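Novice: I'd like to go over a predicted model; first the sequence, then the structure.
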Amino acid sequence: PARPAHWRRPVHLFPGQGDFSVSTLVGSAHTTPGLRTALREVFEQVDTVAAERGLPELGPRLLGTDPPSGRALANATTGTAQLALFGASVAIHRALEEAYGVPSAAVGVSFGEIAALTAAGVFTVADGARAAHDLAIALTFCPGGLTALACSERSAQTLMEEAGATEAVVAVVNDERSVVVAGPVATLALVEKAAADRRVTAVRLRLPFSSHHPALGHAAWEFAAAVRAYPRAAARFPVHSAVAGRRYGPCDDLAARLADCLVRPAAVPPVLRQVLGYRPGVLFEAGTGSALASSARGALAQNLDPAPPVRAPLAEPDFPW
């Protein structure tokens, strides 16, 4: 399909770890030459870090005839899945930039902040990959889990109070109908039971760690110390953080701000409203799924009529690359 002429000044949305599909990435790479080229170029740099950190190479496997499954990546050496997600997001961004021009801004959600800052040129691809691996190591010291609830933040707070889940917190607010709560596994089970009693859909995420929880301060400190060693450059375009709730500036201690993703909640709707100020003609999800795009549609429809279109390229077979 032809590229719509009004899709100017795009905003790129970088999702976290909860919506990564290896099969979608591999399938899109085979049908979209520009994406395949971007994946090859990005993973050449990511794989230098993989070798440095003792991990298996990813590029030839993802683009080969027998690509790994998502489960295989999850069960591989710690950090393998995170490097795959990081590299995929940066490559999708590059393919979109080639097709539609430099974005007017980017939004990073949780783990997606590393890819967003790398896409903006703040970190090199290699250093962004190192930071992604550093975070994966830090998460191994973050016991607990994450549960998605199909309700508002206020309803989630009520559920946690009714369940006596004092160690659970709202970790991510996706929109008015979707939040993620974090905490010890036993505590999440109490929340899920309370949700079932109220007929609220609750889904335990397939992530073996907690995040966005105030009890994870030590892991956050260790992660910040690792990232602080990497140089940074001026951003090519603004990067907004769902955790910081604002655009990052040149005086920000980005190591500390990225570490905040381990201990502070992320709120997606406020930063989406902020990027409307760039008057984007379209918003693109720079990930393999469509969950962030869906949240963006719901949030923006409440603030702008008509809202700009939000597209999830890899989840749409007819996307006009």
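Specialist: Alright, I've got the coordinates. Numbers count the residues shown, from 1 in each chain.
Novice: where in the stretch 201-321 of the chain is pLDDT low?
Specialist: Applying pLDDT under 70 to the stretch 201-321 of the chain flags the ranges 303-305.
Novice: quick one: the helices in it?
Specialist: 217-227, 254-263, 268-275, 291-301 (DSSP state H, counting those that start in this stretch).
Novice: let me have those helices in a markdown table, adding mean neighbour count and distance to residue 90 as columns.
Specialist: In short, each C-beta sits where N, CA and C put it, glycine included. A markdown table is the format used below for the helices of the stretch 201-321 of the chain (neighbours: other CB atoms under 10 Å; distance: least, CB to CB, whole Å):
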| stretch | mean neighbour count | distance to residue 90 |
| --- | --- | --- |
| helix 217-227 | 18 | 17 |
| helix 254-263 | 22 | 16 |
| helix 268-275 | 20 | 19 |
| helix 291-301 | 22 | 16 |
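Novice: closest one to residue 40 among these?
Specialist: helix 291-301 (25.0 Å; CB to CB).
Novice: if we can go back for a sec, could I get the helices of the stretch 201-321 of the chain in TSV, plus columns for distance to residue 88?
Specialist: Converted to TSV, those look like this (distance: least, CB to CB, whole Å):
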stretch	distance to residue 88
helix 217-227	20
helix 254-263	19
helix 268-275	20
helix 291-301	14
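Novice: now for these, which one comes closest to residue 195?
Specialist: helix 291-301 (18.6 Å).
Novice: report the secondary structure state of residue 2.
Specialist: coil (DSSP: H, G, I helix; E, B strand; the rest coil).
Novice: wait, I meant residue 155
Specialist: Relying on three-state DSSP, one would call residue 155 helix.
Novice: what do you get for the one 10 residues further on?
Specialist: When the structure is reduced to helix, strand and coil (three-state DSSP), residue 165 reads as coil.
Novice: tell me, how many residues neighbour the closest residue to residue 14 other than its chain neighbours?
Specialist: Spatial nearest neighbour of residue 14, chain neighbours left out: residue 112 (3.3 Å); criterion: CB to CB, 6 or more residues apart in numbering. Residues within reach of residue 112, counting by other CB atoms under 10 Å, total 29.
Novice: and if you look at residue 285?
Specialist: Residue 285, neighbours per other CB under 10 Å, totals 30.
Novice: check which helices and strands the helix or strand hosting residue 37 sits against.
Specialist: According to DSSP states H and E, residue 37 maps onto helix 33-52. With contacts taken as 3 or more CB pairs under 8 Å, 6 or more residues apart in numbering; DSSP states H and E, helix 33-52 sits against helix 22-31, helix 59-62, helix 80-100, helix 125-139.
Novice: tabulate these (JSON lines), appending mean pLDDT.
Specialist: Below are the helices and strands packed on helix 33-52 laid out as JSON lines (pLDDT from 0 to 100):
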{"stretch": "helix 22-31", "mean pLDDT": "94"}
{"stretch": "helix 59-62", "mean pLDDT": "96"}
{"stretch": "helix 80-100", "mean pLDDT": "97"}
{"stretch": "helix 125-139", "mean pLDDT": "98"}
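Novice: residue 116 is nearest to which of those helices?
Specialist: helix 80-100 (8.1 Å).
Novice: ok and the closest one relative to helix 33-52, angle-wise?
Specialist: 150 degrees (axes from the mean of the first three to the mean of the last three CA atoms, to 10 degrees).
Novice: how far does the very next helix or strand once past helix 80-100 sit from the chain's center?
Specialist: Downstream of helix 80-100, the next assigned helix or strand under DSSP H and E is strand 105-108. The chain centre lies 11 Å from the centre of strand 105-108; the measure is CA atoms, centre = their mean, to the nearest Å.
Novice: great, nothing more from me.
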